[in-house]
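S.K.: coords please:
(one chain, ligands or ions: 3)
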Amino acid sequence: MTTQPLQPVPPLLSVRDLTMAFPGRRSRSAPVRAVDGVSFDIAAGETLGLVGESGCGKSTTGRMIVRLLAPTSGSVVFDGRDISRLPQRALKPLRRELQMVFQDPHSSLNPRQTVARIISDPLLVHGTPVAQARRRAAELMELVGLIPEHLDRYPHEFSGGQAQRIGIARALATGPRLVVADEPVSALDVSVQAQIVNLMEGLRKELGLAYLFIAHDLSVVKRVCDRVAVMYLGRIVEIGPKDRVYEEPAHPYTRALLSAVPLPDPAAERARERITLLGDPPSPAAPPPGCTFHPRCPKAREICRKEPPLLRIARAGEAREVACHFPETEPETETGTAMD
Ligand SMILES: Nc1ncnc2c1ncn2[C@@H]1O[C@H](COP(=O)(O)OP(=O)(O)O)[C@@H](O)[C@H]1O
Ligand code: SF4
Ligand SMILES: [Mg+2]
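M.R.: Ligands and ions are numbered 1, 2, ... in the order given. Now for the predicted structure:
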């Protein structure tokens, strides 16, 4: 029997050189490059965590992927099709497959609509009859751990965690294949955050979903992501499989973010190295020259002030990429010795 060679499976989402330049505040001021050449793939059923401080361009990236914003340049290929330039009317069928969950559940749900209406709305838009949409809304309530009998209640009758479950149910109504979750637990009490993360992880397995899971904290995405991308001032500075990035961060910014995550073991917490970043992130309206992280980087040298580092494989044989002139890698790479 002959075996056919396996065809490589194209990613579900492929983002290339994505850029968003918002107009400057004043008529003559330079545009704000909120996202500046971001590239990554997400496979079907996979979760990519996207992490970075507030203002680094995470939401703008997410909003361009679901086409709530049209990119200034670059491409977003979803299921083999470039959707970055599609006109609004051509986006409607796409909305079934590509959905978003927002940060603040209460402000993203219409307070004057019942939960039944909120969850069935995406179905009604696509022509599902009202009675059928209501039945589906009841099923979705159950799927996200809510009581279907509460369909005729209003958002204010639910807690923050319950409201986010409603937001998730609405996102799942049309059976999407990719959900962009923009800090879905940041507005919730810490005690509720884990429940929502667990729910989302369970739904991913059950429904075969892919997520772009956005957070400002590496600890939030650790549980759910297969790979993680770290963003700084509109660019990805490190991207790779979860275990590589968490166990052996190669970019000084990733190391600093990880050193801020509390460790459960008090002895390990006392022993570990803390990296304190200097100052706040610079404004994307006036990014520093060279490596944009250099004013805050404890390892910055002369070249860092002049030459922007490219995102590249830090160590042969690894799928992890880093944008740094002096990434933290094993001594072997620095002396050029091949890995086993
Ligand atoms: N509509 C807009 N007009 C102008 N600037 C914007 C707009 N939306 C976001 N920005 C700016 O773009 C940068 C990235 O914002 P955002 O994507 O919301 O970051 P994050 O989600 O990582 O906090 C910030 O400097 C923000 O002020
Ligand atoms: S390129 Fe230089 S300044 Fe930038 S992160 Fe690396 S060591 Fe720091
Ligand atoms: Mg945001």
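S.K.: kindly report the residues of the stretch 201-340 of the chain close to ligand 2.
M.R.: With CB under 6 Å from any ligand atom as the criterion, the stretch 201-340 of the chain comes near ligand 2 at residues 252, 291, 293, 294, 297, 299, 300, 304, 309, 324, 325, 326. C-beta coordinates here come from the backbone N, C-alpha and C atoms, glycine included.
S.K.: if we go to 8 Å?
M.R.: 237, 251-253, 290-294, 297-301, 303-305, 309, 323-327 (CB under 8 Å from any ligand atom).
S.K.: which among the residues you listed end up buried?
M.R.: 237, 251-253, 290-294, 297, 300, 304, 309, 323-327 (16 or more other CB atoms under 10 Å).
S.K.: near ligand 1, which residues of the protein?
M.R.: 20, 22-23, 32, 34-35, 52-63, 69, 182-183, 214, 216, 231, 234, 283-285.
S.K.: what about the helices in the chain?
M.R.: With DSSP state H as the criterion, the chain has helices at 58-65, 88-95, 105-108, 115-125, 130-143, 160-172, 190-207, 218-222, 242-247, 252-259, 266-271, 302-306, 331-335.
S.K.: who's in contact with the second one?
M.R.: In other words, helix 88-95. 67, 78, 83, 86, 122, 125, 126, 174 (CB atoms under 8 Å, 6 or more residues apart in numbering).
S.K.: could you check how many residues crowd around the closest residue to the last one other than its chain neighbours?
M.R.: When the adjacent residues along the chain are set aside, residue 174 lies closest to residue 96, with 4.0 Å between them (CB to CB, 6 or more residues apart in numbering). Residue crowding around residue 96 was assessed by other CB atoms under 10 Å; the count is 16.
S.K.: pLDDT at residue 96, what is it?
M.R.: pLDDT for residue 96: 92.
S.K.: hang on, it packs against residue 175?
M.R.: Yes: counting by CB atoms under 8 Å, residue 96 touches residue 175, with 6.8 Å between them.
S.K.: separation between the closest residue to residue 168 other than its chain neighbours and residue 255?
M.R.: In space, and not counting its chain neighbours, residue 168 is closest to residue 144: 5.3 Å by CB to CB, 6+ apart. For residue 144, the distance to residue 255 equals 36 Å [CB to CB, to the nearest Å].
S.K.: wouldn't residue 172 be in contact with residue 204 here?
M.R.: No: using CB under 8 Å, residue 172 makes no contact with residue 204, being 10.7 Å away.
S.K.: who has more neighbours out of those two?
M.R.: residue 172 (21 against 18).
S.K.: how much space separates that one from residue 144?
M.R.: Applying CB to CB to residue 172 and residue 144 gives a distance of 8 Å.
S.K.: same thing with residue 324?
M.R.: From residue 324 to residue 144 the distance is 40 Å (CB to CB).
S.K.: what count of nearby residues applies to residue 274?
M.R.: 8.
S.K.: surely it meets residue 259?
M.R.: Yes: Residue 274 is within contact range of residue 259, at 5.2 Å (criterion: CB under 8 Å).
S.K.: for stretch 34-54, measure first residue to last.
M.R.: One end of stretch 34-54 sits 12 Å from the other (CA to CA, to the nearest Å).
S.K.: buried ones in that stretch?
M.R.: 34-36, 38-43, 45-53.
S.K.: just the ones in strands from those residues, please.
M.R.: Those of the buried residues of stretch 34-54 mapping onto strands are 34-36, 38-42, 47-51, per DSSP state E.
S.K.: so which of those residues comes closest to ligand 1?
M.R.: Comparing those against ligand 1 with CB to the nearest ligand atom places residue 34 closest, at 3.1 Å.
S.K.: and that closest one, what is it in contact with?
M.R.: 20, 21, 22, 57, 60, 234, 284.
S.K.: and the end-to-end length of stretch 307-323?
M.R.: Using CA to CA, the end-to-end distance of stretch 307-323 comes to 11 Å.
S.K.: list of residues touching that stretch?
M.R.: By CB under 8 Å, 6+ apart, stretch 307-323 touches 39, 235-241, 244-245, 250-251, 290-292, 324-325, 327, 329-330, 333, 338-339.
S.K.: sitting in strands, which of the residues you listed do you find?
M.R.: Short answer: those in strands (DSSP E) are 39, 235, 236, 237, 238, 239, 240, 241.
S.K.: would you turn those into a markdown table with pLDDT and distance to residue 268?
M.R.: Output for the ones in strands among the contacts of stretch 307-323, formatted as a markdown table (pLDDT from 0 to 100; distance: CB to CB, whole Å):
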| residue | pLDDT | distance to residue 268 |
| --- | --- | --- |
| 39 | 98 | 35 |
| 235 | 97 | 31 |
| 236 | 98 | 29 |
| 237 | 98 | 26 |
| 238 | 98 | 23 |
| 239 | 98 | 26 |
| 240 | 97 | 23 |
| 241 | 96 | 23 |
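S.K.: need those in a markdown table with distance to residue 138, can you?
M.R.: Formatted as a markdown table, these follow (distance: CB to CB, whole Å):
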| residue | distance to residue 138 |
| --- | --- |
| 39 | 41 |
| 235 | 44 |
| 236 | 41 |
| 237 | 45 |
| 238 | 43 |
| 239 | 40 |
| 240 | 41 |
| 241 | 39 |
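S.K.: quick one: buried ones out of those residues?
M.R.: 39, 235, 236, 237, 238, 239, 240.
S.K.: I appreciate the help and will end here.
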